[in-house]
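Asks: I would like the atomic coordinates for the input below:
(2 chains)
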Amino acid sequence: MENNEVAAIFHEMAAILEIKGENPFRVRAFKRVAQAIETLPERASTMAAAGTLARVPGIGKGSQDRITEILTSGDCADHVELRASIPAGLLELARVEGLGPRTIALVYNELGVTSLDELEAAARGGQIATLPRMGEKSQAKLLTAVEAYRRQAGRVRIGDALPQGLALLEALGQHAAVQRIDLAGSSRRRRDTIGDLDLLVASDDAAAVMDCFVSRPAVADVMLRGETRCSVHLRGGLQADLRVVPAASFGAALHYFTGSKMHNIAIRDRAKRKGLRINEYGVFDEASGQQLGGATEEQIFAAVGLPFIPPELRENQGEIEAAAAGELPRLVSEQDLRGELHLHTDATDGKATLREMVAAAVALGHEYIAVTDHSRALTVTQGLDERRLREQVAMIRALEDELGSIRILAGIEVDIHADGTLDLDHDALRELDWVIASVHSHFNLPAQEQTRRLLAAVESGVVDCLGHPSGRILGHREGYPVDLDRVIRRAGELGLALELNGYPDRLDLDAQHCRQARDQGIPVAINTDAHATRQLAQRQYGVYTARRGWLEPRDVLNARPLAELQAWLAQRRHS
DNA sequence: ACGGATTGCCGTATCGGCCAAATGGCCGA
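Replies: Below you'll find the model as predicted:
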């Protein structure tokens, strides 16, 4: 079991306790345990076996037992009991923005609301506004939030879905009857959210493969099972579909089920013009009906005169034309990244010390990193003021001298106030090597004001990079209303970089805006925004999004060697 | 529930904005 899965159970226990109005300190303790598990330096099972869990701050005797129970049986009694104690639908309500535990308890107790549908009905019926502490405005806001929630409901972040898909791939790949196996669908295209997992297998013994599939411990229930196709729910609720095809059709099926639909249509259209027919079974000569290929995807592309197109590009957004012209981008990969330009330490909301984070970066082989803790406005994180920032800078310089093995840029993630001013003195910011400016408040300004706010930060003259520019949180809230195109253009004019925050909850910039940045020659920094040592290694999600945005190594700021990065910074500072 | 000093008990993120009610709870970062 992955740490995130264990943590999810604690998060849920905390949420239920909170809705039930239990001791808030108990609630916080559970939340703290959940967070601690998410940011453990190793796998929970490893640490439990070694007995080192006890040393983690926040994890006491009780939670140690619960964690052990979860690791051995997949769940714990307290969790099962808590779940049974409230209607199942209430938990989903907690995912609606602006709807907290107290309000959920209120609508449940006063109106008997136990689900999203009932909540919406109550709001449309005007009953919400009659409740104490609620009114017309709250009711309208709630409806808007429910609509926003519904737009993304059922989709799972790639950071949650892909590990499950890869684990299944790994397990099924061991089976003797499996000749070839791969992911298909949106998980193979590495979209930022996934509806369900698609797995494709080449085999002559579909029944044996499906037996293996449905008996995986990760499979919670089997929804349907036919001759060649099987659908299941996984433990976390994600749906997974397995298809089994003969090896001679594997490439054709892989192409077909990978999509996207628009890409497939365009490819088939191209085939038609060449007198060919492409479907999920293979490539066929239209006239003779003879099969010309289908075992590999390369054959599919070759049949229409194209080189292999990476799955991340298959959206019919020009990749076919580029492939035909021999102008496919050489997409950036994880190995191209030479440094990390956004991370936090325990000076603010990080879980590891400066020294530990740096050691982890060295272990990853980074040439350079930037330490970018929060600024004072973010009070929850104990954001740095000018004085604490200067102290941290001194620590960084000393550590860099001591180690000698890695360049440590002294930086900050400075908050952008609602009026566009920055949270720290410009003089203090000018002393730093690297300044990211980000929005963490006032997401609901009118688009015009929000745009002005971001432009002000971009034009401040002391900012090197705009952090998570859209502000979206996947599965939680959409980006704030803003003219991002205009902000990006201005950033380009002034020579700033833009961040692609690769934290799996963000993936911000999204692929489309990455491509815009690339087209305008704006360097993109692919960052992890790590708050713990292990998160420094989670670079793949940012890279996926970058690839979907057509980024090549030369478009990526932290794919540059240190000397080039420093030259870029120096030239920025003097222009 | 956890951690730590008081070893059986006590304290434990912060703070601003929003909205409904006219000061205060709730939410989110």
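
Asks: what's near enough to touch the spatially most central residue of chain A?
Replies: By Cα atoms, centre = their mean, chain A has its centre lying nearest to A:Pro504, at 1.9 Å. A:Pro504 makes contacts with A:157-160, A:474, A:538, A:541, as judged by Cβ atoms under 8 Å, 6 or more residues apart in numbering. Quick note: C-beta positions are derived from backbone N, CA and C, even for glycine.

Asks: A:Val222 too?
Replies: By Cβ under 8 Å, 6+ apart, A:Val222 lies in contact with A:214, A:230-232.

Asks: what's the most distant pair in those?
Replies: The largest separation in those, counting by Cβ to Cβ, is between A:Val214 and A:Ser231 at 10.1 Å.

Asks: mutual contacts of these two, please.
Replies: Counting by Cβ under 8 Å, 6+ apart, the residues touching both A:Val214 and A:Ser231 are A:222, A:225.

Asks: close to DNA strand B, is stretch A:498-509?
Replies: No: applying Cβ under 7 Å from any atom of the strand, one finds stretch A:498-509 out of contact with DNA strand B, separated by at least 10.2 Å.

Asks: show me which residues of that stretch are buried.
Replies: Using 16 or more other Cβ atoms under 10 Å as the test for burial, stretch A:498-509 gives A:498-509.

Asks: which bits of the stretch 51-200 of chain A sit near DNA strand B?
Replies: The stretch 51-200 of chain A has residues A:56-64, A:97-104, A:106, A:129, A:132-139, A:141 near DNA strand B, with proximity defined as Cβ under 7 Å from any atom of the strand.

Asks: how about a cut-off of 6 Å?
Replies: Residues of the stretch 51-200 of chain A lying close to DNA strand B (Cβ under 6 Å from any atom of the strand) are A:57-63, A:97-103, A:132-138, A:141.

Asks: which of those are buried?
Replies: The neighbour-count criterion (16+ other Cβ under 10 Å) marks A:58-59, A:63, A:97, A:99, A:101, A:103, A:134, A:138, A:141 among these as buried.

Asks: in CSV: the residues you listed, plus distance to A:Gln516.
Replies: Shown next, in CSV, are these (distance: Cβ to Cβ, whole Å):
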residue, distance to A:Gln516
A:Gly58, 42
A:Ile59, 44
A:Ser63, 46
A:Glu97, 27
A:Leu99, 34
A:Pro101, 40
A:Thr103, 38
A:Met134, 41
A:Ser138, 37
A:Lys141, 31
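
Asks: for the one helix or strand A:Leu183 maps to, output the C-alpha coordinates as PDB.
Replies: Element membership for A:Leu183, per DSSP states H and E: strand A:180-184. Output of strand A:180-184 as PDB, limited to C-alpha atoms (Å, rounded to 0.1, in the frame of the first residue of the first chain):
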ATOM      1  CA  ARG A 180       2.500  -7.500 -24.300                       C
ATOM      2  CA  ILE A 181       0.900  -5.000 -22.000                       C
ATOM      3  CA  ASP A 182       0.500  -1.200 -21.800                       C
ATOM      4  CA  LEU A 183      -1.700   1.500 -20.600                       C
ATOM      5  CA  ALA A 184      -4.100   3.100 -23.100                       C
END
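
Asks: neighbouring strands of that strand in the sheet, and parallel or not?
Replies: Looking at strand A:180-184 with DSSP bridges, its partner strands are strand A:197-202 (antiparallel).

Asks: what's the spacing between the strand it pairs with and its chain's center?
Replies: Distance of strand A:197-202 from the chain centroid (Cα atoms, centre = their mean, to the nearest Å) equals 22 Å.

Asks: what mean pLDDT does it get?
Replies: Regarding strand A:197-202, the rounded mean pLDDT is 98.

Asks: and stretch A:346-354, by the same measure?
Replies: 95.

Asks: buried residues in the longest strand anywhere in chain A?
Replies: The longest strand of chain A (DSSP state E) is strand A:407-415. Judged by neighbour count (16+ other Cβ under 10 Å), strand A:407-415 contains these buried residues: A:407-415.

Asks: send me the helix or strand just after it as CSV with only the CA atoms.
Replies: Scanning forward in sequence from strand A:407-415 by DSSP H and E, the next helix or strand is helix A:426-430. Provided in CSV are the C-alpha atoms of helix A:426-430 (Å, rounded to 0.1, in the frame of the first residue of the first chain):
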residue,chain,number,x,y,z
HIS,A,426,11.9,45.1,-3.0
ASP,A,427,15.3,45.6,-1.4
ALA,A,428,15.1,42.3,0.4
LEU,A,429,14.0,40.6,-2.8
ARG,A,430,16.9,42.1,-4.8
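
Asks: packing partners of helix A:426-430?
Replies: Packing contacts for helix A:426-430, counted by 3 or more Cβ pairs under 8 Å, 6 or more residues apart in numbering; DSSP states H and E, involve helix A:386-403.

Asks: gap between the helix it packs on and the chain center?
Replies: Computed by Cα atoms, centre = their mean, the chain-centroid distance of helix A:386-403 equals 31 Å.

Asks: give me the mean pLDDT for that helix.
Replies: pLDDT averaged over helix A:386-403 gives 97.

Asks: write out the residues of the stretch 451-575 of chain A neighbouring DNA strand B.
Replies: Taking Cβ under 6 Å from any atom of the strand as the measure of proximity, the stretch 451-575 of chain A contacts DNA strand B at A:Arg477.

Asks: do a quick rundown of the helices in the stretch 451-575 of chain A.
Replies: Remark: helices assigned in the stretch 451-575 of chain A by DSSP state H, counting those that start in this stretch are A:484-493, A:511-519, A:540-548, A:562-574.

Asks: mean pLDDT for these: which is lowest?
Replies: When those are compared on average pLDDT, helix A:562-574 comes out lowest at a mean of 93.
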